[in-house]
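Undergrad: here's a sequence, model it:
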Amino acid sequence: MTTKLPPSIDAYEARSALKIVQDSAQRGTTLYRYHQASPFFSLWALVWFLGFCLSDVFPGRVGTVWLCADLLGMAGSVVLARSKLTHKGTDHSMLWRLGGMAAVLGILVFCTLLIFEVRSGRQVAGFFGLLVASGYTIIGCWSGLRWLVAGVTMGVLTLSGYFLLPAYFNLWMGCVGGGVLALTGVWMRRV
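TA: Reported below is the predicted structural model:
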């Protein structure tokens, strides 16, 4: 009985096959990350919609509105992150890293607002819209096109509403900014 040897492949074919495997693994990682991020986009879409729309309805209570909205969003984010880490069986060190990153970012924002003379709530809202847009765009440079598209879209819409619709900026950001986040959450879920 003769043993038949498998056909051999040359170095070019081997590199090509490895490249295909590598590309597939990268694509799978990107889609997995999109799927993981989707619920956070949906949660923060709701926070933005409520925060901005209630700020328009209660202009004298903007600070209280956003304090409550942000606390709700942060608590929801922690719950989502913990449930995802529990399902993955991962240790919770990532939560500490994310918490530390959020604390540093919060301190940066606080100090920035102290340094610059903010004259209106619209300026603060515009700053946060651009900050979020920048964050998504930066993440998109490493993690995928959908993050990048969400960030650029959010930035363009924030600036458009700020300069073209100043009287309706809060409603604009609630509906359009929250809408971008909601649609991005749906887009990321569709793997």
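
Undergrad: for the rest of this, base every contact and every neighbour count on C-alpha atoms.
TA: OK.

Undergrad: centroid-nearest residue for the protein?
TA: Ranked by distance to the mean C-alpha position of the chain (Cα atoms, centre = their mean), the top residue is Tyr136 at 5.1 Å.

Undergrad: that one touches Ala150, doesn't it?
TA: Yes - counting by Cα atoms under 8 Å, Ala150 is a contact partner of Tyr136 at 6.6 Å.

Undergrad: ok, the residue nearest to the centre of the chain to Trp147 distance?
TA: 5 Å (Cα to Cα, to the nearest Å).

Undergrad: circling back to that earlier point, where does the closest residue in space to the residue nearest to the centre of the chain that isn't next to it in sequence sit, in terms of helix or strand?
TA: Spatial nearest neighbour of Tyr136, chain neighbours left out: Gly151 (4.6 Å); criterion: Cα to Cα, 6 or more residues apart in numbering. Assigned by DSSP states H and E, Gly151 belongs to helix 145-164.

Undergrad: thought Trp147 was touching Ala133?
TA: No - at 9.4 Å, Trp147 does not count as touching Ala133 under the criterion of Cα under 8 Å.

Undergrad: residue contacts, Val65?
TA: The contact partners of Val65, taken as Cα atoms under 8 Å, 6 or more residues apart in numbering, are 51, 54-55.

Undergrad: in CSV: these, plus secondary structure, neighbour count and distance to Pro166.
TA: Converted to CSV, the contacts of Val65 look like this (DSSP: H, G, I helix; E, B strand; the rest coil; neighbours: other Cα atoms under 10 Å; distance: Cα to Cα, whole Å):
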residue, secondary structure, neighbour count, distance to Pro166
Gly51, helix, 26, 17
Leu54, helix, 19, 16
Ser55, helix, 21, 14
